[in-house]
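Asker: A structural model of the following input is requested.
(2 chains)
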Amino acid sequence: MQCPYCERRCQLENGTYGFCRMYEAVDGKVIERFPDKWCSYEVSRVESIPFYHAYPGSRSLVIGTASCNFDCRYCSNAYVAKEDPGGMQDIMIDISPDNMVQLAKKYGCHNIVFSINEPTVSLPSLRRLSVAAKAAGLPMGCLTNGYATPEAAEQLGDIFSFLNISLKGLSPDFCRRYLGIPDSEPVIRTIRQLAKRCHVEVATPIIESENDHELDQMADILADINPETPWHAFRLLPTHKMTGQKYPSITGLNDKLEALRKRLPHIYFHNFIGSEWVDTHCPDCGATVITRFSLGCGGDKLDQYLANGDCCPSCGRRLYMLGSKVEWNSKEMAI
Amino acid sequence: MTVAILDARQWQQTVDLRTGRKIEAEGPVVDMVRGLLARHPFPGDCEPGSNTWVVDTALDLMGKYKPSFAFLTLARQYYASRYNVMREEERQDLVAEAFAEAERFARESGFLTILVGTGGMTKAITPIDLSTLDGLGVASNWSARYAGLYGLSDRDKAWLTENPHLERLASREEILALFGGGPEDGKRLPEHLAVAKPGYHFKNTSLRRLIMIPDRNTRIPVSANLGAVDSLTDIKGRVLSLLADQKVALVVLEGVGSDDFRVPHTECRNGEGWYCYEPTDAQYLALTSGHHCIFSHNGGYRYFKDDNENKHYPFSGYFTELPTGTIGLDYPGRSISVGNRSMFMHVTTGCDVCCECFARNLYNQGCMAVMFRQDKA
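Answerer: Numbers count the residues shown, from 1 in each chain, chains lettered A, B, ... in the order given. Sure thing, here's the model as predicted:
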């Protein structure tokens, strides 16, 4: 039978698995092979994940499972996403939804974010977790490649209130060579679909001379969906099958992004230490409303939150923001 | 103000180390260090050129800055054996390469070069999961054998006490007594510290499968040219004495114990009683400050509680203040440190000019240099 979760729509038979190796067909149903098995749980800053416009300053419990439905040449978590999930079970942790929520609370977290691998490969576990998290008042977010079926994308929207969706490239040639998928249309469809009901930020790892010529077209797509979409342009860190390749030019790429900031006010450029392009400015008056530090790969942090709630401190304009500043220790509980 | 230069390859940013914010800075030392970082892009923690990068960068810096004391860390063999499956012969080749680089440094610098191994490695066994505790277990990324515990229930204590993979469950009071502290010293100590048996380790924040982890290293090797020392904490004083009439380098070889030490050596204590250091900030601080600092730096503190936007030193990891009394701060002559152990060089050595890789969980972001002093003649 056909797997309903991702756009690969793999055929699952008895004893065979699809591309991600996380689902199997049993008694006419597609079920998870490793329900409630997690590779990690750890405390993180929400800016590190990155979310720049969702609950700024908050403490997140970052979780993940195993595997992925993409085959990115530059995968930065290949030791989780590209390994055979069956071979990883000795180091996976069995955590029930209620226990995961308790862990988040004991760690003083405001929210739970699935960000290590692709959530589409573990949707039933995440759905169960979301029920427990909602009951406890914990919002959930995720990073996703967006390559979900429309039905699965609806489930992503049910589970997560904030998502960072990767728009990694546009052309079929790039998608085939760098991501292992035929085209990007399902990803754009998911961004459109989820932007209507959730807080959506978008991330794009830029590979010089490979997808930087598509930035203008991507900007058009995002401007059409929501011109205030926070867009995280990542300087590619050459890892996995691209280890040893040249690091992209920071000044050259930022010159290209600078031209696009006239259309999209919230374009950030980071994934390297000391970036100057991680602050938020009011789209109307240009006032600085949030400043951040960029520590590279999963290390960004809030510096100053200058907004009044979710409004510009200078002109009062409302900003595209989910919630407003969350005090880091506000959810600390006595243990 | 302490100037730090961040180098992300072909692009640099200059910041105030304490605030993390961009500043304008210039001067002969700053300009010299900018050039140094640009000439020596970091190849990566586990890459073949990693230890060579340390020695090349140190020799280049020494040629320009003319220090009398140098602190180096060579860590490639530690990272590689921690995360990569390899045959013992391959691991030995990595250790041999580290000693060869240390020897090259000694030969080309002409400094009296003292080598310290942080202790040997052992095969990692299945991790211990603390997620089912009623209380909270905190295991940090680089500490394998220790975990901090908070709010343990009677059920938790019974489970921990009977766990065959645990060596000890120590209370905060036991740790204070072991290291001679009073109640006021225990603010950053966990309520209990769980200690795993050799090879066992706590499921921590590392996503990568651990292949080898630090062994229970109660003693660590020190090259015989330092003379006999009783404890890791005695090394700083001995080095400062030697610096009175000669140029000295201290080279730390990560993940190397006595069995693998390839030059004449003695051994010294690597902790107190049942507590022995892993290659963490606590071990480095014991070496560089001459004191045990585990009340503030241990594997079980809830470091994340300090991590709000008011925390200073955003490029110094979980350190909220920079340690005092480190060897570079106490030595009046010129000093440098260079290493492929991210963050540790500037935080734990306090040398005038510190140069280190900037890597996060092996992701190679580039380099960072910190200049604590630019005014020494």
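
Asker: most residues in a single helix of chain B, which one?
Answerer: Criterion DSSP state H: the longest helix present in chain B is helix B:88-109.

Asker: Compute the mean per-residue pLDDT across that one, please.
Answerer: Per-residue pLDDT over helix B:88-109 has a mean of 98.

Asker: The next helix-or-strand element following it: how far from the chain's middle?
Answerer: Next in sequence after helix B:88-109, counting helices and strands by DSSP states H and E, comes strand B:112-117. Averaged C-alpha coordinates place strand B:112-117 at 15 Å from its chain's average position (CA atoms, centre = their mean, to the nearest Å).

Asker: does the next helix or strand along the chain from strand B:112-117 come close to chain A?
Answerer: Proceeding N to C from strand B:112-117, the next assigned helix or strand is strand B:121-123, under DSSP H and E. No. Strand B:121-123 lies apart from chain A when judged by CB under 8 Å from any CB of the partner chain; the minimum separation is 13.9 Å. From N, CA and C alone the C-beta is placed, and that goes for glycine too.

Asker: Just list what whatever helix or strand comes next after strand B:121-123 packs against, helices and strands only.
Answerer: Following strand B:121-123 in sequence order, the next helix or strand is strand B:136-138 (DSSP H and E). With contacts defined as 3 or more CB pairs under 8 Å, 6 or more residues apart in numbering or on different chains; DSSP states H and E, strand B:136-138 has these neighbours: strand B:146-150.

Asker: for the stretch 201-350 of chain B, which spans come out with low pLDDT?
Answerer: Where the stretch 201-350 of chain B drops to pLDDT under 70, the residues are B:205.

Asker: who in it is up against chain A?
Answerer: Taking CB under 8 Å from any CB as the contact definition, the stretch 201-350 of chain B meets chain A at B:203, B:205-209, B:304-305, B:307-309, B:314-315.

Asker: ok, now with 6 Å
Answerer: Within the stretch 201-350 of chain B, the positions lying close to chain A (CB under 6 Å from any CB of the partner chain) are B:205, B:207-209, B:304, B:308-309, B:314.

Asker: how about the residue of the stretch 151-300 of chain A with the smallest separation from chain B, phi and psi?
Answerer: Residue of the stretch 151-300 of chain A nearest chain B, by CB to the nearest CB: A:Gly274 (3.3 Å). When read as degrees, to the nearest 10, the backbone of A:Gly274 gives phi 80, psi 20.

Asker: can you check B:Gln13 too?
Answerer: Dihedral pair for B:Gln13: phi -130, psi 140, per degrees, to the nearest 10.

Asker: Dump the residues of the stretch 201-350 of chain B next to chain A to TSV, plus secondary structure and neighbour count.
Answerer: Formatted as TSV, these follow (DSSP: H, G, I helix; E, B strand; the rest coil; neighbours: other CB atoms under 10 Å in any protein chain shown):
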residue	secondary structure	neighbour count
B:Thr205	coil	16
B:Leu207	coil	19
B:Arg208	coil	15
B:Arg209	coil	19
B:Phe304	helix	20
B:Asn308	coil	16
B:Glu309	coil	20
B:Pro314	coil	23
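
Asker: Quick one: residues in contact with stretch A:285-292.
Answerer: Identification of contacts with stretch A:285-292 by CB atoms under 6 Å, 6 or more residues apart in numbering or on different chains yields A:47, A:278-282, A:300, A:302-307, A:312, A:314-315.

Asker: biggest separation within those residues, which pair?
Answerer: Spanning the widest gap among these are A:Asp300 and A:Cys315, at 26.1 Å by CB to CB.

Asker: which one of these two has more residues nearby?
Answerer: Ranked by neighbour count (other CB atoms under 10 Å in any protein chain shown), A:Asp300 and A:Cys315 place A:Asp300 first, with 26 against 12.

Asker: mind listing what the more buried one touches?
Answerer: A:Asp300 is in contact with A:47-48, A:50, A:292, A:294, counting by CB under 6 Å, 6+ apart.

Asker: Show me the domain layout of chain B.
Answerer: B:40-121+B:214-371, B:136-196 (automatic domain parsing).

Asker: how long is the first one end to end?
Answerer: Translated: domain B:40-121+B:214-371. Here the two ends of domain B:40-121+B:214-371 are set 17 Å apart, with distance taken as CA to CA, to the nearest Å.

Asker: Leaving out chain neighbours, which residue sits closest to B:Asp234?
Answerer: Among residues not flanking B:Asp234 along the chain, B:Cys268 sits closest, at 6.8 Å (CB to CB, 6 or more residues apart in numbering or on different chains).

Asker: The one you found: neighbour count?
Answerer: Neighbouring residues of B:Cys268 were enumerated by other CB under 10 Å; the total is 19.

Asker: which SS class is it?
Answerer: Following DSSP: H, G, I helix; E, B strand; the rest coil, the label given to B:Cys268 is strand.

Asker: Residues in a beta bridge with it, which ones?
Answerer: Beta-bridge partners of B:Cys268, counted by DSSP bridges, are B:Ile220.

Asker: Can you show me the helices along the chain?
Answerer: In the absence of a named chain, chain A is used. Along chain A, counting by DSSP H, helices occupy A:78-81, A:97-106, A:123-135, A:150-159, A:172-174, A:185-195, A:215-225, A:250-260.

Asker: look at chain B instead
Answerer: Using DSSP H, the helices of chain B run over B:28-39, B:50-65, B:76-83, B:88-109, B:154-162, B:172-178, B:235-242, B:281-289, B:327-330, B:344.

Asker: interface residues of the stretch 51-200 of chain B facing chain A?
Answerer: Close to chain A, as judged by CB under 6 Å from any CB, the stretch 51-200 of chain B has residues B:126, B:129, B:131, B:136, B:150-151.

Asker: closest to B:Leu232 among those?
Answerer: B:Tyr150 (28.5 Å).

Asker: which residues does that closest one contact?
Answerer: By CB under 6 Å, 6+ apart, the contact list for B:Tyr150 reads A:335, B:135-136, B:191.
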